[in-house]
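Participant: Quick one, fold the following:
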Amino acid sequence: MTVRFAPAHLLAGSVALGLALANLGRIHAVALAGSAVAVVALAVAGAPAARLAATAALLFLLGWWFASARLAAIDRSPISAEIGRAGRAVVVVTTPPVAGQFEMRAQGTIRSLDGERIHEPVELQLHLGRSPPQGAVLDALVVVQLPPGPEHGFDERTWLRRHGVHVVLRVDEWTQIGARGGLGGIADRLRRWLGRSIAPGLAGERRAVLEGIVLGDGTALSPGLRRDFQASGLYHILAVSGQNVVLVAGGALLLAWLLGFSRWVGEVGALAGILGYVLAVGPSPSVIRAGIAGSLASLAWLSGRLRDAWYALLVAAIALLAWNPYNVYDPGFQLSFAAVIAIFAVVPAINRRLERAPLPRSIRLGIAVSIGCGLVTAPILWVQFHYLPVLGVPANALAEPAMPILLGLAFATAGLNTVAPGAASVVAWMNGWTASYIALCARAIGGLPFAEVSTDQGLAAFAAILLASVYAWHRLRPRPE
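Facilitator: Residues are numbered from 1 along each chain as shown. The predicted structure follows:
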């Protein structure tokens, strides 16, 4: 497949590369100024191609400098000087608490410690049992601790630091004294509304699967089912993807059409729906990438400009890396962007090779996506999570056709629940069977003894999978005429 890049791709890619490079070395303002003067001098004296290259170099330097400043800000932690201190703190819970074996954990923001104003992200460690809701403002008795260091192959302290979290607050007792406001408060209310509305009347496993797919929150799944999703290669459907965002935008456009509004109103509604959905499910890399791509598609229609998938992907990368350059280390960031690049650059070639297979077009495309994304993301899964799903292609071929049905019914249920709760319960009951089918696919494939290979089985297993993948790609890639 020939991939053509426009000058806009070069300029956006230069910014993204500069933002990512700050993780290897940081540039300061003096070095930036000197480099920028040299680049501008070359641009003024050069031909159009040289001016384009100089502009790209300047944007690269600006991205590098900006990311260096952002990393310095993320690494700054006033509360780290209070390690071992106990006191009363006012904290805001910013994520839903997740129950572990011995305690509950949630992300939060500390506002004050013993009356001293502090504003910094923290991790909250709470006792098992009653937990505060997302968005709650707590008055708590806390002990400031360092996060655990490297243990069992995972360095929690480094992982948290890359998310701007430098301390753990062990909460001994707490009282809710309010709820956060502003944009965070809106996000909290949207999440609670969506969580209530997508599955009225459902409970247990069916509700857990629905919440996992629609909200990207698989914490309610049983440990066994979560392992089956992982082993089967279906764990990715528990992360909000572009498919979710497409259905949100499509639903807004359909509603506008049914009500007789213009396409312009529908596109504005799609933008609002995407923004609300991103706020509700939280700013993970896959959500932000999908949200930016969907928003740019609507803005492209409103402005009359051609949509550019590669440019949308680069803009999403710039937004995520500008917010936190450490995102380049995040498995969600790596897997999300690797999968989309595979869809753009690898899947079409595989799909053409599968055209000779006597299968419906939609099934061939689904298989091509599973193979392409599996090949590209396999090294990331092995390095980050130390396992590879072997049967991801058949598992996805079985489960993926049910995904649009589940998402469509879930969003329809949420809409109906505001005007006709009885009808919403019926639709949710029907959707529960779709959730059960997807869980059955995960169990049937993930429960097989050879469904995945892991580092426990050694490098030989990985080498065998890698050789098989290379052979498959060699067989599937299109031959020159």
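Participant: before we move on, what SS does the most centrally placed residue in the chain have?
Facilitator: For the chain, the residue whose C-alpha lies nearest the mean C-alpha position (Cα atoms, centre = their mean) is Ser286; its distance is 2.5 Å. Under DSSP: H, G, I helix; E, B strand; the rest coil, Ser286 falls in the helix class.
Participant: Numbering from 8 from now on, please.
Facilitator: Yep, numbering from 8; the last one is Ser293 now.
Participant: Give the burial count for the nearest residue to it once chain neighbours are set aside, as a bare number.
Facilitator: Leaving aside its sequence neighbours, Ser293 sits nearest to Ser343 (Cβ to Cβ, 6 or more residues apart in numbering; 4.1 Å). For the C-beta atoms, the positions are set from N, CA and C on the backbone; glycine is no exception. Ser343 is flanked by 28 other residues according to other Cβ atoms under 10 Å.
Participant: Which helix or which strand is home to Ser343?
Facilitator: Counting by DSSP states H and E, the element that carries Ser343 is helix 338-352.
Participant: Distance from the chain centre to that helix, please.
Facilitator: Here helix 338-352 shows a centroid-to-chain-centroid distance of 11 Å under the convention Cα atoms, centre = their mean, to the nearest Å.
Participant: Would you mark the buried spots in that helix?
Facilitator: 339-350 (16 or more other Cβ atoms under 10 Å).
Participant: any low-confidence regions in the stretch 108-257 of the chain?
Facilitator: 159 (pLDDT under 70).
Participant: Now do the helices for it: every range, in order, please.
Facilitator: Ranges of helices within the stretch 108-257 of the chain are 163-168, 189-204, 211-222, 230-239, 249-265, based on DSSP state H, counting those that start in this stretch.
Participant: Quick check: mean pLDDT of the helix or strand following the longest one?
Facilitator: Once helix 249-265 ends, the next helix or strand along the chain (criterion: DSSP H and E) is helix 270-288. Summarised as a single mean, pLDDT over helix 270-288 is 81.
Participant: Check which residues of helix 270-288 are buried.
Facilitator: Result for helix 270-288 [16+ other Cβ under 10 Å]: buried residues 272-278, 280-288.
Participant: Pull the most distant pair out of those residues.
Facilitator: Val272 and Val288 (24.7 Å; Cβ to Cβ).
Participant: Tell me what the residue lying closest to Glu89 once chain neighbours are set aside is bridged to.
Facilitator: Spatial nearest neighbour of Glu89, excluding adjacent residues (Cβ to Cβ, 6+ apart): Val151 at 4.7 Å. Beta-bridge partners recorded for Val151 (DSSP bridges): Leu176.
Participant: and Val151, how many neighbours?
Facilitator: 22.
Participant: Tell me who's in contact with it.
Facilitator: 86, 89-93, 120, 174-176 (Cβ atoms under 8 Å, 6 or more residues apart in numbering).
Participant: The helix holding Ser343 packs against which elements?
Facilitator: Under the contact criterion of 3 or more Cβ pairs under 8 Å, 6 or more residues apart in numbering; DSSP states H and E, helix 338-352 touches helix 292-310, helix 316-330, helix 368-392.
Participant: Save those as CSV, and put in distance to Leu266 and mean pLDDT too.
Facilitator: What follows is the helices and strands packed on helix 338-352, written out as CSV (distance: least, Cβ to Cβ, whole Å; pLDDT from 0 to 100):
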stretch, distance to Leu266, mean pLDDT
helix 292-310, 18, 70
helix 316-330, 28, 86
helix 368-392, 30, 82
